[in-house]
Structures are given as C-alpha cells and as structure tokens.
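Student: this is a predicted model, with the sequence first.
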Amino acid sequence: MRKDRNRFLKDFKLQKDQIRNITRVKQDTKIVRESLLEQFITDFKNSSDLSVTEFPYIQVKIYYFSYLINKDHYEQFLSKLRNITPEQLQPYLTHSEFKVLPDMKVLEEAILSGNAILFTEKQAYELPFQQGKGRSISSSETETVILGAHDAFVESVDVNLSLIRKRVMSSQLKTIKLYVGNTSKRTVYLLYIEGAASDKDIEEVKKRILSVHNDGITDTNMLVQFIDEHPNSPFPQFYTTERPDVTVYKLFEGKIVGLMDNSPNAFCTPVSFFDFMESMDDFSQRWIVGTFIKIIRYIAILVTLLFTALYVAVTTYHYEMIPQALLPTLLESRSKVPFPPVIEALFLEFLLELLREAGARLPTKVGQTIGIVGGIVIGQAAVQAGITSNILIIVVAASAIASFVIPSYLLSGSIRIVRFGFIILTGFWGNIGIVFGMGILIIHLSSLTNLNSPYLLPISPMYPKLFKYSLIRGPFKKKAERG
Amino acid sequence: MNKVFVIIMIFVLTGCAEQRIIDDLALINAVGYDVTENKKNPLKLTGTFPFITKDGKYDRKTIIVEGKSSKEAREKVRLKTNLKLESGQIRVTLYGQELAKHGMLPYLQSLVRDPSIGTRAKLALAEDQASDILMLQIKNEGQNATYLEQFLTKLNRENLRTNYNIYQFLRDYYDDGIDPILPVFKVEKNNIVYNGIGLFHEDKLVEILKPSEARYLFLFREEMKQGNFVEQIDVGEEEKASIMLNYELKEHHIEVQSTAANTKKASINIELIGDVLEYTGKEDVSDPKIQKKIENIITKKINQEGKELIVKLQKLQVDPLGINRYVRNKMNYKEWKALDKYQSYQEMNINIEANIILNSSGKWK
C-alpha cells in the first residue's frame, strides 16, 4: 500500500512539474512579430505550392499547404472569419484551439505538419486543420495472427499513439518526443512504462536517436539501422512490429518502444534473438499448444539453415550417411544431373530466391502467375531436363517452407542469407563445414548486443528461469508471479 | 580486413577435401569371401554394388576376383569398374563355409581396420560358396545385399537372435566365456534361404546346426524373449497330435553349482508361459488336467532334447550359451587363467530345468 501511495505521490509531483514547465514557456514567449512573418516569407520563398489567403480588412494573412490541411474545417473557419470585426478578432483567437507560435522553428514544424498559420499584425497562430489523411486502421499484412487483435499501426503517429494509449490505460506510460535529421525533422516518440524500463536504456536510445543526422530516413526499419550497435551483422537487432498489441506487450516487459511519424512500424529495444521467434498467437493459445508451436519454430530454423547444406554434404562427401532405403531414389535422381551437388543446390536456391522476390514485388494477380510458372518450371521441367534432382527439390522446398514459419520477416531474411553460407561451406568441407559454420554463427550471435543487453539472453548468459518466458511459452499462472 | 584474410587463408591453405559425389561411386553393399583351389590367389572376393543404367534404372553389378588378401582383391575389383570404389555402404559380409573353417579373424580385422566401414555391418555364413549367394539373380529382387539385410533383421525380430554384426561377433570372440555364432544361408531353388546356425570355436567354424536343432539353442540363450514351439506330442491314447505354443520366456538363469576347484555341474533354468494356438488332437485343451499333462510332456521333451543338444555342443567344444561366463564369475582371475576352460566345459554336467506353464488355450476352448 505504502509503496503504491509513494508512487502515486511521485506521479502527482511529476505532473505538477509538467504544468509548471508549460506555464514557464508561456511567460518566456517573446514574440518578434514583424520579423517572424518576414523570416517566414524568406524561408518559404520558392514554395509555389504554398497558398495564402488574405483578409486586409482585419489585417490577417493565412498561409497553408492546401493539400495538407482539411479543407472543410478550413472553409468553416473562413466563414467565421469573414463576419468578424477587427475588435472581435483578438478575443476570438484566444480560443484554446489556436496556439501562439513563439518562433520560427515551431512555426515551420506547424505548417509542414499540415496546419495553417495565421499571421496577425502582432502574432502568429497555428490553426489546427491538420488532415487525418492516410490509411485507416486495417489488419496487419506482414504479421498475421489467427486469434488475437487484428489492428495494425498506420502511418500517422497520432493514430498509433492512440492505439497504444487505448491499451495502456495508465499514467505510467511516458512518451518522449524527439526529432531526427538535420533539415527534414522527423518526429520519433519514445514510449516506456515508468518503473518497468531502465532509465539508463532510455537515455541511451535518446542519445543515439539524437545523434542521427541523416535526412533520408523514411521508416523505423531504417532508423533502427542507424542506431544499432552492429551494423555489419546480417541479423536484425531491434524488433520492429506492425502490431499495437505486441508493442504493448513489450512495453509491459520493460522495453522501450519507438514510434516514428509516417511509419507503420514500431521498434522495441532491448530485445534478444528469441523475441523474433515469438508470435502473438502463442499467447492466445493454451500454453501447451503455444510451446509446441514454438518448438516447431526452432526446428524450422534448423531445417531452413541446414537441410540443403546437409544434402550437399551427404551427396558430396558422406555417402556413408545415406540410409539404405533412400539410396536407390537418391542414386536414380542424381544420375541424370551433370553438376556437382553444390552447384545444383546453389542454382535451385538462387532460383527460389528470385521467385520469392518476384512474387513479393509483383501485384497479387501477376504474383500468382509467377508462382505457378515457377512451380512448374522448377518442379517438373528442371528435373526432366536433368538440371536438378528430385530429392533436392523436396529438400529446397522444405527449407523454403520452414523459412516461412519464422514469424519475423526480418529474421527469416537473415536466415536465408546465412543458409547460402552454409551451402558453400559444405561444398568445400562437408559436415565439417556445417560444424564450422555453426560455430561461427553461434560465436557471432552471442557476441551481438542490443542496447548493451546480450542477443542470446536467456541462453548466453544462462538464465534458466527465463526460459519459460522467452525460449518456450510457459503457463500464465507462473507469469502472474512475475507481474 | 584481417578477418577476411584469415577466412581466405582457411579456404586456400586447407585445400579441398576429396569429393565423393554419390553418382560417381560404386557403393559396395555386400562382399563375399571364399577360398579357392588356386595356390597363388587363395581368396575369392565377390563384391556387389548398385548402379544406375543408362536409361535411369536401378540395377546391380557383381564382380568376382581372386587375390592374395582382401584388400589386394579389392584393388582388382577397382580395375573392373568405371566408378570409384567405396566400401562405406557395406551392409552384409558373407563368408563361405570353407573359409570360415580356417578362421574368420583376418577378414574381420581387414573390415574393422577400414574406418569407412561401420561395426554394424552384418555378418553371415554361406553354406557353400558366398559368391553363389551374391551372384544369384532372384527374380524381381534387386539387391541381394538389401535382401540379406532385411532377412537378417527379420530373423532377429522373430527372436532368432541372429543379428550378428562385426561388433557383436568380435565381442563374443574376445570374451573368454562365450563363443560367437552366425546364421547360415544357402541357395535353394533360385532363392536365398536361411539354413541354420554356424557354431564357432574361437573364430573357426565347427559345425552348422540345422534350424530344427537350433531352436533349442535360442531357447537357452538369454536374449530370447518370446517364440513359437511346434511339436508332435502324444497326450491321450491316440496317435500323435501336433501342438503349437506361443510362449514367452518368463525366467532364465544359469546356475553353476560348483566351487572353483570343482566345476562339474551347471543347470539352465528356464520358465516359459505359453498359449496354445493350435492343437490337432481330440482332447479338451482347456481342461486343467489335460493342460497339466501337456505341460509335463513338453517339459520332458525340452529337457530331453535340450540335453542332447548341449551334449553335442560340449562334444564340439563350442560354448554359444556362455556357460563359461558363469563359471568365470565363480572364481578369481588367477584360477580362471589356470583353468582349461574347454576341458572343464566338456566334462561339465549341464542340466536343463525347464518349466512350462500353459496360460490359456487361445481364443478357442
């Protein structure tokens, strides 16, 4: 009880501080009236898309980007303005919806984010006509679940924030607003739950985001590559997601979430490799089912990494490993193929990657055609022409299917790359190549960090108690103990 | 930069391992060893391996060569094929009777020495010539090696514990207290058939037991778990009726009732629980009295015929039952070393104490 009260008092204090800050800002505002308009006009000199409406009678100029503002609201506002006398103007503008703009920096941000700017003789006001243009909330395309919430983030950061706020009904959810970039300032919100997230981490993320001076960042997935620790690793280090429910789950786990304006992806940090192996569906199902599916996923990772490599190793170096019953089929299907197994496997894997990439880039209807053509060409013609063997097609198809089982698109892409490394290694060394590659992979993964927390967290360093929260999906009863 | 250099060096300096792409290999899956009349090249080696014909069919090729030793003969096989010879897929090795009588060890050692051959390769004897069995073209039966391997696995599953691989053979050979056995195959009417058990004295074949005799051998060996017993017995006044029991081995232990100084007596206790699956006689098998009678008759039969077999084994100086292991357990190392074990085995009085219990008369009364 006492602890709760203390926390409440602390909150209360914090809120008070905020209020004090706001009032101080108001007092400090020094308006440089004439120069503000002048500066504005010089800054936006060559913007032919900038519209202006003038009311000489009341000495008011309104600047706006006509495609950024909501026209209906604007017309309503204008109709009011037309009936206003110079005396009535000043009191009207003190309405809470109109914000006084103190300096050029704020002003620029306001007009570029879709508000209209009203210049009176003395002051500049922000007219809140920001248009809620953009995609409406729809279900996630990249991270689909069967059970559970279906809404996904959209490009507007306000909507995204509201999606999170609706799920976290608490004043403990804190947000920090940051700007990224030199000239084109992009808004980034850092969200965390006070008490759950570590202050050191928050400061670190803040510092990293502020140190980014690139202007071409268009998406969270790009941003995280600017702020991660190991840019040369093929593995994703920040968990990015389209789903608000995942984001909220991560928030309560004590992670920091970043939202970026005009990007439908949130990033979470610090995360480990096993976060990428998780789907929200695991939690919607009973823990036995969830754990089973999770284990299948780990098997799938091994399959997609090693299956083709194993085929190459066995057919090139370790014929002793082939089971007696498989020998006839393997010999028969290999007998027509003129290439060594490495070339054969690389060729087919490459073809499959082409097919996958073509399918992803093309519109759905053409994409289907590609799928059918690819299926026939690879499945039938390649075998009949004696370019690849039957067994290899099964092996490659199995590893391709297994790669789709990985819930995170980012991780599945990384695994696909690593797989080629394994195939080449086995082409040189056989099974020793697999062992060698696994060694290098494990060394690499365990040397990665995400916000100074180890990438393979519950395994290396070893915390067996955390296994049931990240490695497998333990029952909730146990989870309740942790809070 | 340094890392890249190291990686390049790893690939360049170690060179590439020797590639053995399976479609260029002759994967020998069975070999047969025989002795020949030829003084110069006393060993006949038969190797069979699968290959794919030009029209994509799975077929086999069998090559017979004569040579001085196993590996020398193998070199000669190499000259007779366009494929690279590899012995890592050997499943079955067959030995001709003549050769087994001279001792198997040199040939086994040449197999064990080759690291590509696993110790799980199965061993078997050919009643006449191993090459006959491997050369035999059974209709619609592709690889003789696969056929033999399946045959051996089947025998093993049917509780004739004849699944003898290199490891098991050598284990029994090097164990002082037991002698190895191997299953025997022969060619009969264009088919390969199982024809008994070869008994070994150390590594030399001594005698081949016919299947009918051999079944008692398995009954007295420990590995037996369950099996069938088909016999002509005489229960009532009428002529002999045939009975078939499906039994389980409930208990098996060998007792050596002797001290170190005097190892003259041993007994093999077995207890079988059986169900009657077939009975052609007129008696009511479900009647407890008749059951008792049947139990007695079968017990007597097993005791009697088992004894005959054991006496035969003792005379041949082969110990496939591992009686000597129990003798060894009774004494210390010095005494064991001083003991002439085959002599004492021969003089031992080994009794069979069988106990049959009829559990049910099957589904029918």
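Tutor: Right, received. Where do you want to start?
Student: how far away is whichever residue of the stretch 151-300 of chain A sits closest to chain B from residue B:108?
Tutor: Per Cβ to the nearest Cβ, residue A:232 is where the stretch 151-300 of chain A lies closest to chain B, at 10.4 Å. For every residue, glycine as well, the C-beta is placed using N, CA and C. Distance, residue A:232 to residue B:108, by Cβ to Cβ, to the nearest Å: 55 Å.
Student: show residues contacting stretch A:294-304.
Tutor: For stretch A:294-304, the external contacting residues (Cβ atoms under 8 Å, 6 or more residues apart in numbering or on different chains) are A:277-278, A:282, A:398-400, A:402-403, A:405-407, A:412, A:415-416, A:419, A:471-473.
Student: switch the cut-off to 7 Å
Tutor: With contact meaning Cβ atoms under 7 Å, 6 or more residues apart in numbering or on different chains, stretch A:294-304 is reached by A:277, A:282, A:398, A:399, A:402, A:403, A:405, A:406, A:415, A:419, A:472, A:473.
Student: return the residues of the stretch 201-350 of chain A in contact with chain B.
Tutor: Within the stretch 201-350 of chain A, the positions adjacent to chain B are A:315-317, A:319-320, A:324, A:327-328, A:330-332, A:334-336, A:340-341 by Cβ under 7 Å from any Cβ of the partner chain.
Student: where in the stretch 101-250 of chain A is pLDDT low?
Tutor: Scanning the stretch 101-250 of chain A for pLDDT under 70 picks out A:132-133.
Student: how about the strands in it?
Tutor: In the stretch 101-250 of chain A, the strands defined using DSSP state E, counting those that start in this stretch lie at A:116-119, A:124-127, A:173-180, A:186-193, A:239-241.
Student: neighbours of residue B:288, just the number please.
Tutor: 9 (other Cβ atoms under 10 Å in any protein chain shown).
Student: who touches it in this structure?
Tutor: Contacts of residue B:288 (Cβ under 7 Å, 6+ apart): none.
Student: return the backbone torsion pair for the residue in the stretch 251-365 of chain B positioned nearest to chain A.
Tutor: Nearest residue of the stretch 251-365 of chain B to chain A (Cβ to the nearest Cβ) works out as residue B:320 at 28.6 Å. Backbone geometry at residue B:320, expressed as degrees, to the nearest 10, gives phi -70, psi -10.
Student: next, count neighbours for the nearest residue to it once chain neighbours are set aside.
Tutor: In this structure, residue B:320 finds its nearest non-sequential neighbour in residue B:181, 4.8 Å apart by Cβ to Cβ, 6 or more residues apart in numbering or on different chains. Residue B:181: 26 surrounding residues under other Cβ under 10 Å.
Student: bridging residues for residue B:181?
Tutor: Beta-bridge partners recorded for residue B:181 (DSSP bridges): residue B:199.
Student: which ones are touching it?
Tutor: Per Cβ under 7 Å, 6+ apart, neighbours of residue B:181: B:197, B:198, B:199, B:200, B:320.
Student: most surrounded residue in those?
Tutor: residue B:198 (30 neighbours).
Student: for residue A:435, see how far away it is.
Tutor: From residue B:198 to residue A:435 the distance is 42 Å (Cβ to Cβ).
Student: try residue B:321
Tutor: Applying Cβ to Cβ, the value for residue B:321 to residue A:435 is 45 Å.
Student: quick one, which of those two is more surrounded?
Tutor: residue B:321 (23 against 12).
Student: residue A:232 and residue B:108 - which one has more neighbours?
Tutor: Each of residue A:232 and residue B:108 has its neighbours counted (other Cβ under 10 Å); residue B:108 has more, 19 against 4.
Student: run through the residues that contact that one.
Tutor: B:166, B:169, B:170.
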